[in-house]
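Engineer: give me the fold of what follows.
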Amino acid sequence: MRHRIIWISLIVLAVTSAGPVLAQEVIIYPAKGQSQDQMEKDKFECYSWAKNETGFDPMQIPTATAPPPKKEAPKGGAGRGAVGGAAAGAVIGGIAKGGKGAARGAVIGGGSGALIGGMRRENQRKQQEQERNQWEREQTNAYMQKRNSYNRAYSACLEGRGYTVK
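Structural biologist: Next up is the predicted model:
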């Protein structure tokens, strides 16, 4: 369980840290001849203002806003399906044709049960993978929206102080 939490955390971090790359950093030009010291002061003040306005801090490590989907215990499987199918096949074959029918029914039922059990487990795995991918997309989109809102506020503040921001 602990390893799974570590992996989930690493995946979330990888997905959400891709955000700053996608959300382009702003480029600031001192259009009114502001000094480097003045520009640094203005950048910090605008950072603080934009952070307070949007509730987003680009300096913080991204975190998930919702827990990842829970993994369900594996259902069925080829071995379990084979056992169930063999038992059912033996009963049905025994009723229909006696001893030889029971053996033949067990073989056919076992093969069919293994196939169905394997397909059921694979479908469950695919469903969980789709849920996980959907969750990751939602987390990335939420981060990007907050980041873009922050960038707009930060840019507006700097432009109001006489900087050209692109």
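Engineer: measure Y47 to Y150 for me?
Structural biologist: According to Cβ to Cβ, to the nearest Å, Y47 and Y150 sit 9 Å apart. C-beta coordinates here come from the backbone N, C-alpha and C atoms, glycine included.
Engineer: what do you get for R137?
Structural biologist: 20 Å.
Engineer: quick check: phi and psi at I28.
Structural biologist: Main-chain torsions, I28, degrees, to the nearest 10: phi -120, psi 130.
Engineer: quick check: bridge partners of it?
Structural biologist: For I28, the beta-bridge partners are V165 (DSSP bridges).
Engineer: what's near enough to touch the nearest residue to A153 once chain neighbours are set aside?
Structural biologist: The shortest distance from A153 to any non-neighbouring residue, by Cβ to Cβ, 6 or more residues apart in numbering, is to A50 (3.8 Å). By Cβ atoms under 8 Å, 6 or more residues apart in numbering, the contact list for A50 reads F56, Y150, A153, Y154, C157.
Engineer: tell me how many other residues surround the first one.
Structural biologist: The local packing count at F56 equals 19, with neighbours defined by other Cβ atoms under 10 Å.
Engineer: likewise for the second one?
Structural biologist: By the measure other Cβ under 10 Å, the count of residues near Y150 is 20.
Engineer: so it is in contact with N52, correct?
Structural biologist: No: between Y150 and N52 there is no contact under Cβ atoms under 8 Å: 10.5 Å.
Engineer: can you tell me the SS state at A31?
Structural biologist: Classification of A31 using DSSP: H, G, I helix; E, B strand; the rest coil returns coil.
Engineer: now do the phi/psi pair for it.
Structural biologist: phi -70, psi -20.
Engineer: use 680 as the first number from now on
Structural biologist: Sure thing, new numbering starts at 680, so read that last one as A710.
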